[in-house]
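K.L.:
build me a model:
(one chain, ligands or ions: 1)
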Amino acid sequence: MLSTRTTPARDVVALDGLWRFALDSDAGERPWESRLDTALEAPVPASYNDLFTDSRIRDHVGVVWYQRDVRVPRGWSGERVVLRFGSVTHAAKVYVDDTLIAEHVGGYTPFEADLTDVAAPGRQFRLTVAVDNRLTNITIPPGTVTTGPDGRERQAYFHDFYNYAGIARSVKLYSTPASYIDDITVVTRIDGPAGLVDYAVVTGGEDADGIRIRVLDESGAVVATSGGAEGSLRLDDVILWQPGAAYLYDLLVEMIAGDAVVDSYTLPFGVRTVEVRGTQFLINGEPFYFTGFGKHEDTPVRGKGHDDAYLVHDFQLLEWTGANSFRTSHYPYAEEVLDFADRHGIVVVDETAAVGLNLGVQGGLTGIPPTPTFAEENFGGETKNVHAQHLRELIARDKNHPSVVMWSIANEPASNEDGAREYFEPLVDLARELDPTRPLTYAAVMFANPTNDKIADLFDVLSINRYYGWYVFTGDLGTAEGVLEQELRGWVQRFGKPIMMSEYGADTQPGLHSVWDMPWTEEYQTDLLATYHRVFDRIPEFVGEHIWNFADFMTGPGIHRVDGNKKGVFTRDRKPKGAAFSLRDRWRGLDGRKPGAHEKEDRA
Ligand code: GCB
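P.N.:
Modelled structure (predicted):
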């Protein structure tokens, strides 16, 4: 799915700003049929939960309504008119005046509606969106809704971040010609000093006479041309897209009828390869070692609403710490984030929203749930179908980003339980079919270990989440170090694949200090990370370290959470805790060694 761009043949109008807003219970019978009778307004893009002082809104379970008036530009007559939502969390029904024109389930991927027949240029219409935040056993991520003794619905979920909801990403109205470029796929290879670019273009509407392709370098010079809906281009003396040294070409696609250009679209792309070979992760044929974080889309007041100021600042802090990468834990992030990563050479592990497919996490330290996680009544075939659809939407959206080097299919699923293989094998097959070019991973939960895990052999990279020294062996970094090393070596031994740490960390209260190993202090976070780093540096098959988390973030209420999860290396308002400085030393090589630089003989 192409992102929205203005081109000589296309216009875009952003529908961001303040929309009328109401809870379902306050909105009347058929709210889309008239002007929403409400005094509330909610900004788009933003989650609605933290905007208002009314706890009925913050804790609301079910549908809320957003509405605004929209006018299709007069100049768009004869054009195809499309409405595009970056994300509506978690399900949407979209009405133009009295007509339902689109429905979508899945809170972190975009969807579109063709308005050509219902919204004439120059005319104003009422755009109403029903937003449903309910998570069930057949949504991704999953959850459960129960009714309390007071008759009020309550939402429970199996993930450790607040269930922010609303219209958290931009809404756009755009035009295309009646015949249009519908999709483009780019796959790149390297052939000595040249880059090879395989492209495929899908069109919609009437067939055109032809497709014209040009590749422009960053100076705007045409460096290769081709024609036809599918083909391959050769870029002599290519400048590669590299971690820390981004270089983007433009693929200019034109749809031709006679002598006229009917539609045009410019897709930025980078030339790079990704490969897992033996126990190495290679980018452009060179071993790559991931340094960075699991992140969240999470800021005060806007919740998961995309914000360009935080985007720029967060990437500044990534660079400041020397991070070269991050994981989009635990859902696909706004497209603006990936575009930015493409332009700035930051590497991304792109994760689905499949977080919490694990009833064992509720089952206490044994990891054995009261009923099996993958039983039909829990997360069975229907959940898997929704997960598959989500995977299709994610890959369709993000397949052309050079920054995305790996798909993470799930976070902490019950991969130790019976049924895990039956659940995941078809999803792995699907992901490989949709994108044969990128390695696959999933982040392994603590209950899954080298002996009982049932799915790791299906994947390319072992990503391990561990909290030794925090949830287990709390305050005992000596024991944590030994147990961690033994376990990581166990994974390598059984599966013989590259291994990275996808989560490790400690909740930390800024300003709390101690001369002893005291959990929650800034020193303890620093020491815990250093303990893990010593272990990583002893394991030659190690390919990366992603700390949990980049910044403190909001969670649901819980006795283990104080105003959210405090494992951030930065506070929620992005102030560094003590650990940020030692990380900076390690990741920028200021402590005298580069992470991942194992002795040669270790690898032999
Ligand atoms: C995990 C989860 C992450 C949590 C983290 C924690 O294993 O993947 O979502 O926030 O632990 O801090 O407990």
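K.L.:
on the three-state scheme, E487 is what?
P.N.:
Here E487 is helix, with the state taken from DSSP: H, G, I helix; E, B strand; the rest coil.
K.L.:
who are the contact partners of it?
P.N.:
By CB atoms under 8 Å, 6 or more residues apart in numbering, the contact set of E487 is 449-450, 464, 466. Any C-beta I mention is one placed from the backbone N, CA and C, and that applies to glycine too.
K.L.:
can we see that at 10 Å?
P.N.:
446, 449-450, 464, 466, 468, 535 (CB atoms under 10 Å, 6 or more residues apart in numbering).
K.L.:
swap in N385?
P.N.:
Here N385 is in contact with 138, 426 (CB under 10 Å, 6+ apart).
K.L.:
how far does the strand or helix carrying it sit from its chain's centre?
P.N.:
In this structure, N385 sits in helix 381-398 according to DSSP states H and E. Relative to the mean C-alpha coordinate of its chain, helix 381-398 is positioned 13 Å out (CA atoms, centre = their mean, to the nearest Å).
K.L.:
what pairs with Y468 across the strands?
P.N.:
V472 (DSSP bridges).
K.L.:
how is this protein divided into domains?
P.N.:
As assigned by automatic domain parsing, the chain contains the domains 12-176, 180-269, 274-603.
K.L.:
out of the ones you listed, which comes closest to T4?
P.N.:
With respect to T4, and counting by CB to CB, the nearest of the domains of the chain is domain 12-176 at 4.9 Å.
K.L.:
quick one: that closest one near the ligand?
P.N.:
Yes - in terms of CB under 6 Å from any ligand atom, part of domain 12-176 sits within range of the ligand, namely 159-160.
K.L.:
if we can go back for a sec, buried residues, the helix holding N385. List them.
P.N.:
Residues 383-384, 386-388, 390-391, 393-398 are the ones in helix 381-398 that count as buried (16 or more other CB atoms under 10 Å).
K.L.:
any idea which of these is closest to P8?
P.N.:
Among those, R397 lies closest to P8 (CB to CB), at 24.2 Å.
K.L.:
hmm, the closest one is touching E112, no?
P.N.:
No - contact criterion CB atoms under 10 Å: R397 and E112 do not qualify, at 11.4 Å.
K.L.:
mind listing the shared neighbours of the two?
P.N.:
Common neighbours of R397 and E112 (CB under 10 Å, 6+ apart) are 1-2.
K.L.:
what is the burial count for the residue of the chain found nearest the ligand?
P.N.:
Residue nearest to the ligand within the chain (CB to the nearest ligand atom): D160, separated by 3.5 Å. Residues within reach of D160, counting by other CB atoms under 10 Å, total 23.
K.L.:
residues contacting it?
P.N.:
D160 neighbours (CB under 10 Å, 6+ apart): 296, 330, 355-356, 361, 411-412, 548-549, 553, 555-556, 558, 560-561, 564-565, 567.
K.L.:
one more time with 6 Å
P.N.:
The contact partners of D160, taken as CB atoms under 6 Å, 6 or more residues apart in numbering, are T555.
K.L.:
before we move on, what about the one 4 residues further on?
P.N.:
By CB under 6 Å, 6+ apart, the contact set of Y164 is 47, 49, 303-304.
K.L.:
repeat that with 8 Å
P.N.:
Per CB under 8 Å, 6+ apart, neighbours of Y164: 47, 49-50, 89, 298, 303-304, 554.
K.L.:
that one and D54, how far apart?
P.N.:
16 Å (CB to CB, to the nearest Å).
K.L.:
quick one: pLDDT of the residue of the chain closest to the ligand?
P.N.:
Per-residue pLDDT puts D160 at 96.
K.L.:
quick thing: my sequence starts at 459, can you match it?
P.N.:
Sounds good: first residue 459 from here, last item D618.
K.L.:
how would you label it: helix, strand or coil?
P.N.:
coil.
K.L.:
gap between the nearest residue to G825 once chain neighbours are set aside and N874?
P.N.:
Distances taken as CB to CB, 6 or more residues apart in numbering put F905 closest to G825, at 2.9 Å, once the chain neighbours are dropped. Distance, F905 to N874, by CB to CB: 5 Å.
K.L.:
hang on, the earlier thing: what would the domains of the chain look like in CSV with distance to R463?
P.N.:
Shown next, in CSV, are the domains of the chain (distance: least, CB to CB, whole Å):
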stretch, distance to R463
domain 470-634, 7
domain 638-727, 7
domain 732-1061, 10
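K.L.:
coming back round to it: so which of the contacts of E945 are in helices?
P.N.:
V993 (DSSP state H).
K.L.:
buried subset of the contacts of E945?
P.N.:
904, 907-908, 922, 924, 926, 993.
K.L.:
could you list the buried residues of the strand or helix carrying V589?
P.N.:
Secondary-structure element containing V589, defined by DSSP H and E: strand 582-590. By 16+ other CB under 10 Å, the buried positions in strand 582-590 come out as 583-590.
K.L.:
repeat for stretch 926-938
P.N.:
926-928, 931, 933, 935, 938.
K.L.:
hey, C-alpha coordinates of that stretch in PDB?
P.N.:
Taking Å, rounded to 0.1, in the frame of the first residue of the first chain, the C-alpha atoms of stretch 926-938 are listed here in PDB:
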ATOM      1  CA  TYR A 926      17.300 -11.900  35.300                       C
ATOM      2  CA  GLY A 927      18.300  -9.500  38.100                       C
ATOM      3  CA  TRP A 928      14.800  -7.900  37.900                       C
ATOM      4  CA  TYR A 929      11.800 -10.100  38.000                       C
ATOM      5  CA  VAL A 930      13.900 -13.100  39.000                       C
ATOM      6  CA  PHE A 931      17.100 -13.000  41.100                       C
ATOM      7  CA  THR A 932      16.000  -9.500  42.000                       C
ATOM      8  CA  GLY A 933      18.900  -7.500  43.300                       C
ATOM      9  CA  ASP A 934      21.300 -10.400  42.700                       C
ATOM     10  CA  LEU A 935      23.300  -9.500  39.600                       C
ATOM     11  CA  GLY A 936      26.000 -12.200  40.300                       C
ATOM     12  CA  THR A 937      23.500 -15.000  39.900                       C
ATOM     13  CA  ALA A 938      21.800 -13.200  37.000                       C
END
